[in-house]
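Undergrad: Dropping the sequence and predicted coords here.
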Amino acid sequence: MLDAPVLQLHGVGEERARELAGLGIETIRDLLEYFPTRYEDYRVKDLTEVKDGERVTLSGTVYSEPSVRFFGKKKSRISVRLVIDKVVVTAVWFNQTFVKKQLAPGKEIIVTGKWDKHKLQIVVSEMTESGSQRAKTRAELAPVYPLGGEITHTLLRKLIERALQQYGGEINEILPAELVARYRLMPRYGAIQAIHFPQDFDDGKQARRRLMFEELFLFQLKMQAHRRLTRKQQIGVAQAIPMDSLRDFIRSLPFPLTGAQKRVIQEILTDMRAEYAMNRLLQGDVGSGKTVVAAIALYATVKAGFQGALMVPTEILAEQHLQSLQAVLAPLGLQIALLSGSLTGKRRRETIASLQMGLIDIVVGTHALIQEDVFFHRLGLVITDEQHRFGVEQRRILRNKGLSPDVLFMTATPIPRTLAITAFGDMDVSTIDEMPAGRKPVETSWAKHEQFPFILEKLRSELAKGRQAYVICPLIEESEKLDVQNAIDLHAQLTQYFASAFRVGLMHGRLPAKEKDAVMQAFASGEIHVLVSTTVVEVGVNVPNATCMIIYDAERFGLAQLHQLRGRVGRGAEQSYCYLIADPKTEIGKERMQVMCETNDGFELSQRDLELRGPGDFFGTKQSGLPEFKIADLLSDYKALEVARNEATQLIAQESFWHEERYAELRDYLQREGVLEGLVFD
């Protein structure tokens with residue numbers, strides 16, 4: 001049994017089992033699936049094919065007596081000349097005086113180490129005598145594993161070899177035969193054997209390819225099975241949407257929809273008309289037109305006889321959405337209301353009563369929507385904007401306000417497709433990847449700190465034209481630990497710089513909610529010309545007259561956040577500008593600034609951000625929900641991930657999968673993973 005404890009393996013006692021457990025190896029299966037991260041190449045190479053700085057293995061004859069030099073405390077350097085391919089090279093050992101006895105002239109040795117082409121020198125890390133038993137038995141490609149405790153590579157390889165001999169017959173093929181044939185994959189037993197003991201590099205490469213695909217396929221199979229279970233449990237209401245009325249509404253809009261908007265609207269409407277509850281993520285770049293898509297979906301649910309709710313993270317954003325929806329929906333007779341924390345007393349009670357009686361068609365609000373005394377008459381559609389800003393529990397409470405309403409999550413933070421189909425694998429993902437025609441891209445420049453006065457003159461020029469500007473800082477107050485600009489000091493500097501010519505406002509997270517609202521209202525109305533702020537303006541603030549964004553200490557932000565901040569400008573008809581004030585010390589920091597100047601495409605930026613930061617850092621390691629794969633890599637294996645998802649989706653949809661014997665191994669796997677609990681088959 002592959003799930004037997006490693007204690008059953010010859011040579012593993014209680015102490016060794018504890019050490020293996022420290023590596024996450026508790027069963028025979030764990031041991032066989034403890035894959036190497038790379039291979040050490042011990043193939044002897046010819047000098048003509050060796051590259052400078054490369055770790056290589058060379059075979060040669062000792063030509064001279066070894067020379068020993070001591071320096072410092074217990075430090076030594078041994079050097080000897082070797083003849084390799086009729087070329088005399090120098091072999092060097094540091095702090096290994098014991099090797100001197102093994103370096104007699106005329107002796108043939110094999111050395112492994114770092115090659116210096118210019119000095120014709122190899123710094124040796126390992127040495128064996130040609131023809132020795134060790135040289136004969138050492139694999140040309142030795143797998144390297146993550147280790148800990150007293151477990152060595154030699155011991156681990158022996159245990160894996162023993163496990164293959166003792167339990168190899170129980171390694172059954174788990175992938176469907178048609179998949180193995182379609183993608184020309186190695187059989188499972190052969191792949192596990194070859195990943196640990198490859199005959200050559202191609203053997204190891206093909207083994208990794210097979211096991212990587214298997215891992216991604218099984219992960220996606222779990223996701224799709226879970227999705228099937230969720231859909232069966234959350235049977236929604238098939239909304240009878242009057243399509244003629246909806247088409248008339250779309251035609252009445254003052255602008256044409258983009259092809260991407262039409263596509264995602266069709267995807268959303270298909271879900272709303274289905275009997276299962278929609279669970280869809282809508283992602284689109286800043287300014288791509290998610291709000292109008294939300295308006296069309298809300299109009300559809302109202303026309304189908306239901307109510308709609310739009311939950312947003314801030315009151316400012318709630319008011320802006322209210323104004324946007326009222327502009328297009330109120331003329332058609334729809335009743336739209338606002339429910340936020342600032343709504344109190346009689347007005348709040350009247351709004352809640354109207355909502356419960358069905359007199360309000362659409363409600364826009366903050367977390368006030370999920371308070372206990374808020375009830376709906378017939379909630380059909382829930383939309384949450386900037387969904388990552390709400391906790392899972394908050395979204396669940398709002399969903400439970402109705403009888404399995406359709407749910408649409410929206411985000412303006414473009415997520416690379418690789419991560420979207422991993423982190424949100426149990427959701428359907430719709431993407432608006434096209435910008436409305438005529439929108440001018442924001443011109444972005446990168447300047448050093450000493451060029452700030454020059455940027456301020458450009459800012460003054462924009463303000464003189466009647467425009468407005470944001471100036472963003474990473475901190476509220478001065479910090480002893482961080483040498484970065486802070487909002488309070490910069491506000492004071494700019495107030496002095498512009499004197500009575502232009503009014504400078506200050507915004508940060510510690511201001512009371514009423515003060516924040518007052519500042520934003522003053523900026524939106526044009527009373528404040530320059531708004532100095534921390535990143536609290538990152539999401540949702542819409543001031544079309546603002547054409548200039550200055551981000552101080554920009555190297556302290558990730559690409560996604562810089563792009564969100566840049567998205568606060570470029571919302572009107574005038575050309576807008578973004579200035580990144582930064583003096584990054586690292587190459588990655590410099591590359592971020594260059595990428596920001598090169599593109600306005602949020603999806604391209606998010607992909608570059610993923611490549612620069614890695615999957616865990618993209619979402620934040622704790623809340624990401626990203627799986628830790630044993631062998632697959634989300635960056636390099638993204639194409640295989642998409643193929644695996646498509647194959648898993650198709651397989652789960654086949655009734656034969658749930659009943660036929662040839663899929664028994666996969667069903668057993670899902671059973672072991674706990675995915676099938678409570679799943680009832682037709």
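TA: Sure thing, it's come through.
Undergrad: What is the subsequent helix or strand relative to the helix or strand of the chain with the lowest mean pLDDT?
TA: Lowest by mean pLDDT, DSSP states H and E among the helices and strands of the chain is helix 615-619, with a mean of 50. Using DSSP states H and E, the helix or strand that follows helix 615-619 in sequence is helix 638-653.
Undergrad: and the nearest residue to E126 once chain neighbours are set aside, how many neighbours does it have?
TA: Once flanking residues are discounted, E126 sits nearest to T112: 4.3 Å by C-beta to C-beta, 6 or more residues apart in numbering. The way it works is simple: take the backbone N, C-alpha and C, and place the C-beta from them, glycine included. The tally of other residues near T112 (other C-beta atoms under 10 Å) stands at 19.
Undergrad: Show the contacting residues for T112.
TA: By C-beta atoms under 8 Å, 6 or more residues apart in numbering, the contact list for T112 reads 40, 42, 55-58, 124-127.
Undergrad: Next one, pLDDT for it please.
TA: Listed pLDDT for T112 reads 88.
Undergrad: The one helix or strand it maps to: what's the following helix or strand?
TA: Following DSSP H and E, one finds T112 within strand 108-116. Past strand 108-116, further along toward the C-terminus, the next helix or strand under DSSP H and E is strand 121-129.
Undergrad: Could you check which helix or strand contains the nearest residue to L408 once chain neighbours are set aside?
TA: Of all residues not flanking L408 in the chain, I383 sits nearest, at 4.7 Å (C-beta to C-beta, 6+ apart). If you go by DSSP H and E, I383 is part of strand 379-385.
Undergrad: what's the spacing between I472 and A582?
TA: Applying C-beta to C-beta, to the nearest Å, the value for I472 to A582 is 12 Å.
Undergrad: That should have said I370, apologies.
TA: On the measure of C-beta to C-beta, I370 and A582 end up 40 Å apart.
Undergrad: Need the nearest residue in space to A412, chain neighbours excluded.
TA: A412 sits nearest to V286 (C-beta to C-beta, 6+ apart), 5.3 Å away.
Undergrad: mind checking the SS state of the one you found?
TA: Under DSSP: H, G, I helix; E, B strand; the rest coil, the three-state class of V286 is coil.
Undergrad: tell me the contacts of it?
TA: Shown in contact with V286 (C-beta under 8 Å, 6+ apart): 412, 563-564, 566-567, 602.
Undergrad: and if you look at G602?
TA: 285-286, 412-414, 560, 563, 567.
Undergrad: tell me which element the nearest residue to E319 once chain neighbours are set aside is part of?
TA: Ranked by C-beta to C-beta, 6+ apart and with sequence neighbours excluded, the top spatial neighbour of E319 is L338, at 6.8 Å. Under DSSP H and E, the secondary-structure element containing L338 is strand 336-339.
Undergrad: any weak-confidence spans in this protein?
TA: 131-139, 230-234, 386-399, 402, 414-426, 476-485, 537-541, 613-627, 635, 676-682 (pLDDT under 70).
Undergrad: And the helix or strand T301 falls within, what does it pack against?
TA: Per DSSP H and E, T301 falls inside helix 290-303. With contacts taken as 3 or more C-beta pairs under 8 Å, 6 or more residues apart in numbering; DSSP states H and E, helix 290-303 sits against helix 243-252, helix 259-273, strand 279-284, strand 307-311, helix 315-329, strand 379-385, strand 406-411.
Undergrad: Could you identify which of these is most buried?
TA: strand 307-311 (a mean of 27; mean count of other C-beta atoms under 10 Å).
Undergrad: rewinding a little: sheet partners, orientation included, of the strand holding T112?
TA: strand 55-62 (antiparallel), strand 121-129 (antiparallel) (DSSP bridges).
Undergrad: For D203, which of those is the nearest?
TA: Nearest to D203, of all the strands paired with strand 108-116, is strand 55-62, at 18.5 Å by C-beta to C-beta.
Undergrad: quick one, what contacts I472?
TA: 533-535, 537, 549-552, 565.
Undergrad: Who wins on neighbours among the residues you listed?
TA: S533 (28 neighbours).
Undergrad: Would you check how far apart the closest residue to that residue other than its chain neighbours and T366 are?
TA: Nearest residue to S533, sequence neighbours excluded (C-beta to C-beta, 6+ apart): M507, at 3.9 Å. Distance of M507 to T366, given as C-beta to C-beta: 18 Å.
Undergrad: Surely the residue nearest to L408 touches P405?
TA: No - counting by C-beta atoms under 8 Å, I383 does not reach P405; the two are 10.1 Å apart.
Undergrad: wait, doesn't I265 sit right on A295?
TA: No - look at I265 against A295 with C-beta under 8 Å: they stay out of range, at 10.4 Å.
Undergrad: shared neighbours, the two?
TA: By C-beta under 8 Å, 6+ apart, no residue touches both I265 and A295.
Undergrad: which residues sit against the strand holding L338?
TA: 318-319, 322, 325-326, 329-330, 348, 351-352, 354-355, 360-366, 368-369, 374.
Undergrad: same question, stretch 264-277
TA: 231, 234-241, 246, 257, 278, 280, 282, 284, 293, 296-297, 300-301, 304, 380-381, 404-408, 428, 430-432.
Undergrad: Going through these, which ones are buried?
TA: Taking 16 or more other C-beta atoms under 10 Å as the criterion, what is buried in the contacts of stretch 264-277 is 231, 236-237, 239, 241, 246, 257, 278, 280, 282, 284, 293, 296-297, 300-301, 304, 380-381, 404-408, 428, 430-432.
Undergrad: Give me the buried stretch members for stretch 508-528, please.
TA: Applying a neighbour-count criterion of 16+ other C-beta under 10 Å, one finds 508, 516-517, 519-520, 523-524, 528 buried in stretch 508-528.
Undergrad: The stretch 1-150 of the chain: strands as residue ranges?
TA: With strands called from DSSP state E, counting those that start in this stretch, the stretch 1-150 of the chain shows them at 38-41, 55-62, 67-71, 75-84, 87-94, 108-116, 121-129, 141-144.
Undergrad: Buried residues of the first one, list them for me.
TA: Neighbour-count burial for strand 38-41, counted by 16+ other C-beta under 10 Å, picks out 39-41.
Undergrad: mind giving me a markdown table with the residues you listed and columns for distance to N542?
TA: Compiled in a markdown table, these are given as follows (distance: C-beta to C-beta, whole Å):
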| residue | distance to N542 |
| --- | --- |
| Y39 | 55 |
| E40 | 57 |
| D41 | 58 |
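Undergrad: between those, which is closest to E642?
TA: Using C-beta to C-beta, these come closest to E642 at Y39, 27.7 Å.
Undergrad: so that closest one touches V144, yeah?
TA: Yes - using C-beta under 8 Å, Y39 makes contact with V144 at a distance of 6.5 Å.
Undergrad: counting contacts, what elements does the host helix or strand of Q594 pack onto?
TA: Using DSSP H and E, Q594 maps to helix 587-598. Contacts defined by 3+ C-beta pairs under 8 Å, 6+ apart place helix 587-598 against strand 443-447, helix 559-566, strand 577-581, helix 602-613.
Undergrad: what's in contact with it?
TA: Here helix 587-598 has contacts from 444-446, 554-555, 558-559, 562-563, 566, 578, 580, 582, 584, 605, 608, 612, using C-beta under 8 Å, 6+ apart.
Undergrad: One more pass at 10 Å, please.
TA: Contacting residues not belonging to helix 587-598 are listed as 443-447, 551, 554-559, 562-563, 566, 578, 580, 582-584, 586, 604-605, 608-609, 611-613 [C-beta atoms under 10 Å, 6 or more residues apart in numbering].
Undergrad: still on that earlier bit, present the contacts of V286 as JSON lines; the columns should include distance to T97.
TA: Listed next are the contacts of V286 as JSON lines, based on distance: C-beta to C-beta, whole Å:
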{"residue": "A412", "distance to T97": "64"}
{"residue": "H563", "distance to T97": "58"}
{"residue": "Q564", "distance to T97": "60"}
{"residue": "R566", "distance to T97": "61"}
{"residue": "G567", "distance to T97": "64"}
{"residue": "G602", "distance to T97": "60"}
